[in-house]
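Chemist: Build me a model:
(3 chains)
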Amino acid sequence: MNIDVEGSINSGQVFLWNKCGDTWHGINGQDVLAVGRSGRVRSYRGIRTDFFRRRDDMGRILESISRDGRVRRAAGRYPGLRILDQDPFQCLISFIISSNSNIQKIRSCLAKMTERMGEKVEFEGRMFSLFPDADRIAGATAGEILGCGVGYRARFVRDAARMVRDGRLDIEGIKKKDYHGAMEAVLSVPGVGSKVADCVLLFSLGKLDAFPLDRWMLRILKRYRGRFMPDTKTITKRQYGLLHEELVDYFGPYAGYAQQFLFKMERDDHQKGWL
DNA sequence: CCAAGGCCTGAATG
DNA sequence: ACATTCAGGCCTT
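Modeler: Numbering: from 1, shown residues only, chains lettered A, B, ... in the order given. Next up is the predicted model:
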């Protein structure tokens, strides 16, 4: 089955990708990726990444998550939609910035951060700015980060970077933990609550049972009358955890994929493009 | 453990 | 034009 490159890139997982002609270019941590029509990924550093998670057995995953007509419909509508495997540090900072914000602003903040603080490199005849590493952000002045438009999240961004720089948060080590262990570790970062943590787990740490619950998902889940409770606009951390358990019981170990399909369908049905 | 309020910012709404 | 609201939450009371 072919991967929908554009659809996957524009599904709210990544924010530093741009299309030029037939080719998509994206910043992925200290690397630049290019993806053409063929779907083949080229890397500035020559790394063989599985950015589109081609090794996922979609047949098995689809069978596993198809627990009702709604997911089946969503999955059938976006056969090429994939969860991406992006750089964890960039993902962490991206979703700290995402809180109480929107796609456009997130893109703008991250673009400013990379342009102002990231290393410039040339790749396939073009110039790109890499994502600033933890050292660079940790050592930035308050004004420097604030100037990128992140507002009150500036302190979170800087402190998160310091945790990584000082080794208090070992992102690669977290990959080896299971969902709950990884969740606990990421939750220790300031500015990271359950939703942001689930995004980081799902989009960069390979935890396919992570199921980010934002306002949109809660809205969608309301249609599962009775099965999933919440009638409130916001939920507490405890409610979040309980609901996550129910969702994994229901959708299974690849629940995160169910989330992506449902989320995409909901956004499309409400004409929320991603620019 | 839970509810309520505040928070940077800019685009959208009144 | 100007004020308010709201957006893919989190933290503190």
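Chemist: Got phi/psi on the residue of the stretch 151-275 of chain A found nearest DNA strand C?
Modeler: Nearest residue of the stretch 151-275 of chain A to DNA strand C, counting by C-beta to the nearest atom of the strand: A:Gly193, 2.5 Å away. (Glycine included, C-beta is placed from N, CA and C.) Backbone torsions of A:Gly193, given as degrees, to the nearest 10, read phi -110, psi -170.
Chemist: Compute the distance between A:Ser43 and DNA strand C, please.
Modeler: As defined by C-beta to the nearest atom of the strand, to the nearest Å, A:Ser43 lies at a distance of 24 Å from DNA strand C.
Chemist: Quickly list what that residue is bridged to.
Modeler: Applying DSSP bridges to A:Ser43 gives these bridge partners: A:Leu33.
Chemist: ok, now how distant is it from A:Ala210?
Modeler: 25 Å (C-beta to C-beta, to the nearest Å).
Chemist: can you check A:Lys105 too?
Modeler: Distance from A:Lys105 to A:Ala210, by C-beta to C-beta: 24 Å.
Chemist: Can you pick out the residue with more neighbours from A:Ser43 and A:Ala210?
Modeler: Taking neighbours as other C-beta atoms under 10 Å, A:Ser43 and A:Ala210 compare with A:Ala210 leading, 24 against 15.
Chemist: and chain A, which of its residues are near DNA strand C?
Modeler: Within reach of DNA strand C by C-beta under 7 Å from any atom of the strand, chain A has these residues: A:11-13, A:98-103, A:105, A:152, A:190-197, A:199, A:212, A:214-216, A:234, A:267, A:272, A:274.
Chemist: any weak-confidence spans in chain A?
Modeler: Residue ranges of chain A with pLDDT under 70: A:1, A:225-226, A:229-233, A:271-275.
Chemist: Run through the strands of it in chain order.
Modeler: A:17-20, A:23-28, A:31-35, A:41-43, A:120-123, A:126-129 (DSSP state E).
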